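>>> task: produce atomic coordinates for the following.
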Amino acid sequence: MDFRTELNNIISDERPFSVAALTFLSDISSADSATLALMWPGAGVARRRRIAATLVELAEDNIEYDFSNVFHVLLTDPDAEVRRSAVEGLVEDESIGTVRRLIDVLDSDPAPEVRAAAALVLGPAALRAETGKLKGEWPARLCDALLRAVRDPAAGEDVHRRALESVAYFCDNADVAAEIERAYAGQGLLPTSAVNAMGRNMNTRWAPTLLKELQSKEPAMRYEAAHALGELGERANVPALIPLLDDADLEVQLATIWALGQLGGRVAQQALQLRSEDDDPAIQEAVDDALTEIRYAADPLQP
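All right, here's what the predicted structure looks like:
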């Protein structure tokens, strides 16, 4: 069966399709991408949404499938939900072409939810830029684009938050630090995202703020503060984290376990071992992973 026939079978509203029927869209050629662009508008919006969301799930669950070429086509769909799925589907694509397209989406897509998704998906690219794996002009272009989104008064809170969290990886940028401080002093969910950004920024200047937020009345803030301290990497903060192993919120407990695993050391290891027989399977698994991380950091050759 040729590509056009297979494609017609899945986009026709009159035909049911299975998840397996979509796998032929993996790693399609440029010519097939052009065919997809021509035929895709013939599907109804509900059908397009379902196909796009299913492709994202397939890509997440099966590393052998690569739908990047499909998602690039779907970035031009008139429906915002389809475009958002297309953006989310490109999260593992590290190509410069994808970084360029996502910057364009962040700058100009009319739907805030699509721009927010682009800001979020550009986070790994920002991390690659900061670690020297994104070359040439692109680190500067990416940082500038994310800062534009953070500062855009018309963008909305979700875009501001996700762009801030992603641009935070640019550790030595004074403008980034200033935006983190501004967001922390802001309203709504911005302070929580600012605390998330403090961890990604990996600057010890944020430690006093993070330690203070461990005592927040808001579980989401305690969660972000604990996680951020783990990213900050200062073992001196282990004693402040240990009480949160008994936090009333499970997610806060899990973030604390992860952070202690990142920080390591004898005190963290002993505290984690006390929770290794917890009744909650999620706690047991998180503790096991954290203890494995500590043992590996101490001796990478240890099995």
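>>> doesn't Ser108 make contact with Ala118?
No: under the criterion of Cβ atoms under 8 Å, Ala118 is not in contact with Ser108, lying 10.0 Å apart. C-betas here are computed from N, CA, C, even on glycine.
>>> who has more neighbours out of the two?
Using other Cβ atoms under 10 Å as the criterion, Ala118 and Ser108 rank with Ala118 on top: 31 against 8.
>>> and whichever helix or strand Ile257 is part of, what's its mean pLDDT?
If you go by DSSP states H and E, Ile257 is part of helix 250-263. Helix 250-263 shows a mean pLDDT of 98.
>>> and the next helix or strand past it?
Using DSSP H and E, the helix or strand that follows helix 250-263 in sequence is helix 266-273.
>>> for whichever helix or strand comes after that next one, list the C-alpha coordinates in CSV.
Counting by DSSP H and E, the next helix or strand C-terminal to helix 266-273 is helix 281-298. The C-alpha trace of helix 281-298 is given here as CSV (Å, rounded to 0.1, in the frame of the first residue of the first chain):
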residue,chain,number,x,y,z
PRO,A,281,5.6,1.8,46.9
ALA,A,282,6.3,5.3,45.3
ILE,A,283,8.4,6.3,48.3
GLN,A,284,10.3,2.9,48.2
GLU,A,285,11.1,3.3,44.6
ALA,A,286,12.2,7.0,45.0
VAL,A,287,14.4,6.1,47.9
ASP,A,288,16.0,3.2,46.1
ASP,A,289,16.7,5.5,43.1
ALA,A,290,18.2,8.2,45.4
LEU,A,291,20.4,5.7,47.3
THR,A,292,21.6,4.3,43.9
GLU,A,293,22.5,7.8,42.8
ILE,A,294,24.5,8.4,46.0
ARG,A,295,26.4,5.1,45.7
TYR,A,296,27.2,5.8,42.1
ALA,A,297,28.4,9.3,42.9
ALA,A,298,30.7,7.8,45.5
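>>> for helix 281-298, packing partners?
Identification of packing neighbours for helix 281-298 by 3 or more Cβ pairs under 8 Å, 6 or more residues apart in numbering; DSSP states H and E yields helix 250-263, helix 266-273.
>>> could the ones you listed go into a markdown table alongside mean neighbour count?
Putting these into a markdown table (neighbours: other Cβ atoms under 10 Å) gives the following:
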| stretch | mean neighbour count |
| --- | --- |
| helix 250-263 | 23 |
| helix 266-273 | 17 |
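>>> looking at those, which is closest to Leu210?
Nearest of those to Leu210, taken as Cβ to Cβ: helix 250-263 at 10.2 Å.
>>> what's in contact with the closest one?
Residues from elsewhere that reach helix 250-263 (Cβ atoms under 8 Å, 6 or more residues apart in numbering): 219, 222-224, 226-227, 229-231, 233-235, 237-238, 241-242, 244-247, 268, 271-272, 275, 280, 282-283, 286-287, 289-294.
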